[in-house]
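Undergrad: give me a model of this one.
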Amino acid sequence: MPGPLTPLPLTYVLPLRRPAVADDDLAAYVRSLAGLAEVIVVDGSDAEVFAAHGAAFGPAVRHVPVDADLGGRYGKVNGVVTGVRAASHERIVVADDDVRYGGAELARMASLLESADVVRPQNHFEPCPWHARWDTARTLLNRAFAADYPGTLGVRRSTLLKAGGYDGDCLFENLELIRTVEAVGGTLLHAPDLYVRRLPPTARHFWSQRVRQAYDSFAVPGRLAGELAVLPAVAVAVRRRRGRSLAVGAGLSMAVAEAGRRRYGGARVFPATASLMAPVWIAERAVCAWLAVASRVVLGGVPYAGTVLAKSANSRRRLRRRHGRGRRGRASRLKDLAAKAVTAVHVAAYRASGGRVAGRLGGMPVLLLTTRGRRTGRRHTVPLTYFHDGGAVVLVASYAGDDHDPAWYRNLLADPEVEVTRGRDRRPMTARPGTDGEKARLWPVIVATYDGYRRYQSRTERDIPLAVLTPR
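TA: Predicted coordinates for the structure are as follows:
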């Protein structure tokens, strides 16, 4: 008979606030997690409900109230910060009460948090009734172009505490947490193939969230502008009797959603019929985006728990300034501009000659790495020296000893599907951050090959990471 499972070095934080006692399913789920990791339920419920929850969750679960000094109007943030403060482990999973992790997913999250400060997995609804398929269409469109925002994140405790927590008055709280971690120098890792089950909402709750979800786009102005443009465009097409254009647009949206469904093996968890709902979701968002604007103008924001929240999320620039990283200085900006100019010339020479020109640097071979911009979705190509580790390609994210990770490294954390060109050979590869063990094993070889990497590490407090690329 196998022995008991060894708990993971991980804390699971569940912020909770209920007007009535949680159902037996949630209590059973929380109790089941207690054998897998440290579990902290931060409960903002009234005293009677709080006491009933404590009895239902059992002694193996740490059941605590929200810290009294936290006054953010979005209660979930107060619960998360309380749980992070109380956690015994560096690696933390934060999850809504409708998220359902299994042991394998928690173990994968713990592993990914070894090399990233915040990890964004992928939720999927199970079961998936009609309204969940409708909402899944949004997920698929997000996956086709960039990444989706789930109801759960992994985060390193020290990084979030370094930031002093995050803004408790923001509606799009997961984006705010991610941007805050990045603002203090943390790295984001997108894990689109880490699928975590989520229970669907009731149809009534689904309808109640349409405008609130549209309001999130105020945090991404370019996206909001696109959503606001849909309704006028449709109106013009209808007035000009261009039904065929509308049909083509609907078909294209379904094709894009299907591409998102198939990325990273998503077809095994997302139903094919969800792709067919893409035109419906776009139509809904086209209307709700305008309703969100009206709510902002008339009410000053979106109603939430007896108050009105005006802020979706803080901009990256504001957060960098708040945490002392907004002014990189003229020298740093000039360095970035010079690096872009040199990169453009290097890439052009490499491609024109098939790597015969600009194919080696410092005695090391050079490849071209193409990533997708984590914010823009545009393709970016940079020349990089590389090393071999068996069948894998190893890259060093040194950025000449700068205190920031290079953009290409942050891009591949957000989207691990990359393209590598060596000579005239171009092939797709999958990237991941190197583990601590790989760094310890490979670093002596790397600095022996080129001692400049040792100097780069001495210039910065940042632990220069490795990226490991394998063929797809």
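
Undergrad: how about residue 265, what does it touch?
TA: residue 193 (CB atoms under 8 Å, 6 or more residues apart in numbering). The way it works is simple: take the backbone N, C-alpha and C, and place the C-beta from them, glycine included.

Undergrad: can I assume it sits in a strand?
TA: No: applying DSSP: H, G, I helix; E, B strand; the rest coil, one finds residue 265 to be helix, outside a strand.

Undergrad: gap between it and residue 238?
TA: 39 Å (CB to CB, to the nearest Å).

Undergrad: and if you look at residue 74?
TA: Distance, residue 74 to residue 238, using CB to CB: 39 Å.

Undergrad: with residue 338 instead?
TA: 51 Å.

Undergrad: just for the stretch 301-450 of the chain, where's the confidence low?
TA: 325-336 (pLDDT under 70).

Undergrad: how about the strands in it?
TA: Assigned by DSSP state E, counting those that start in this stretch, the stretch 301-450 of the chain shows strands spanning 302-304, 307-309, 360-361, 364-372, 379-385, 387-389, 392-396, 417-422, 425-433.

Undergrad: reformat these as a markdown table; add mean neighbour count.
TA: Shown next, in a markdown table, are those (neighbours: other CB atoms under 10 Å):
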| stretch | mean neighbour count |
| --- | --- |
| strand 302-304 | 16 |
| strand 307-309 | 15 |
| strand 360-361 | 12 |
| strand 364-372 | 20 |
| strand 379-385 | 18 |
| strand 387-389 | 14 |
| strand 392-396 | 22 |
| strand 417-422 | 18 |
| strand 425-433 | 16 |
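
Undergrad: per-domain residue ranges of this protein.
TA: Listed domain ranges for the chain are 11-322, 329-471 (source: automatic domain parsing).

Undergrad: show the end-to-end separation of the first one, please.
TA: Spelled out, that is domain 11-322. Taking CA to CA, to the nearest Å, domain 11-322 runs 28 Å from one end to the other.

Undergrad: same check, this time on stretch 42-60
TA: Rule used - CA to CA; the end-to-end distance of stretch 42-60 is 14 Å.

Undergrad: contacts for that stretch, please.
TA: In contact with stretch 42-60 (CB under 8 Å, 6+ apart) are residues 13-22, 24, 27, 30-31, 34-35, 39, 41, 63-66, 75, 78-80, 82-83, 86.

Undergrad: now with 7 Å?
TA: Contact with stretch 42-60 is made by 13, 15-18, 20-22, 27, 30-31, 34, 41, 63-66, 75, 78-79, 82-83, as judged by CB atoms under 7 Å, 6 or more residues apart in numbering.

Undergrad: can you mark which positions in that stretch are buried?
TA: Neighbour-count burial for stretch 42-60 flags 42, 43, 44, 45, 49, 50, 52, 53, 56, 57 (criterion: 16 or more other CB atoms under 10 Å).

Undergrad: and of these, the nearest to residue 171?
TA: Residue 171 lies nearest to residue 44 out of these, by CB to CB, at 17.1 Å.

Undergrad: one step back: what subset of the contacts of stretch 42-60 is buried?
TA: Buried among these by 16+ other CB under 10 Å: 13, 15-18, 21-22, 27, 30-31, 34, 41, 63-64, 66, 75, 78-79, 82-83.
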